[in-house]
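A.B. asks: Sharing a model that was predicted from the sequence below.
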Amino acid sequence: MAIRQLRVYTGPELEAGGLKLMAAAPATSTVRVSLGEVLPLLADAVSSSRTWLSDFAEDEIEISADLHDVLQAYRHFRRPGA
């Protein structure tokens, strides 16, 4: 009985000079999603004190300039005593 070997598929292979070379993966993987899709999940994770949030605490995100302005104003006006 032959033993089957499993391998992980990582994408198409490029052939060069008879050798099979794996295609290089991009340095960073990004996904574009709407803020409306992400916010409820993050809010739930924060309110539930999920520990995995700390894994991403230093990650940078890119937001629009107008959202940044709104967040800065919100930060200013929600201070105690403001």
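C.D. replies: Cool, got the structure. Residues are numbered from 1 along each chain as shown.

A.B. asks: Strands of the protein, start to end?
C.D. replies: With strands called from DSSP state E, the chain shows them at 13-16, 19-22.

A.B. asks: quick one: which of those has the weakest pLDDT on average?
C.D. replies: For these, the weakest mean pLDDT is recorded on strand 19-22, namely a mean of 54.

A.B. asks: Now do the phi/psi pair for Val8.
C.D. replies: As for Val8, its main-chain torsions (degrees, to the nearest 10) stand at phi -90, psi 130.

A.B. asks: show me what contacts Ala45?
C.D. replies: Shown in contact with Ala45 (Cβ atoms under 8 Å, 6 or more residues apart in numbering): 52-53. To be clear about C-beta, it is placed using only N, CA and C from the backbone, and glycine gets the same treatment.

A.B. asks: where does this protein have low pLDDT?
C.D. replies: Residue ranges of the chain with pLDDT under 70: 1, 12-28, 81-82.

A.B. asks: where exactly do the helices run in it?
C.D. replies: 35-47, 65-77 (DSSP state H).

A.B. asks: Using TSV, lay out those helices together with distance to Ser54.
C.D. replies: Formatted as TSV, those follow (distance: least, Cβ to Cβ, whole Å):
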stretch	distance to Ser54
helix 35-47	11
helix 65-77	21
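
A.B. asks: which one of these lies closest to Thr10?
C.D. replies: Closest to Thr10 of the helices of the chain, according to Cβ to Cβ: helix 35-47, at 27.2 Å.

A.B. asks: Now do that closest one: distance to the chain's middle.
C.D. replies: 13 Å (Cα atoms, centre = their mean, to the nearest Å).

A.B. asks: what's the answer for stretch 51-67, then?
C.D. replies: Worked out by Cα atoms, centre = their mean, stretch 51-67 lies 9 Å from the chain centre.
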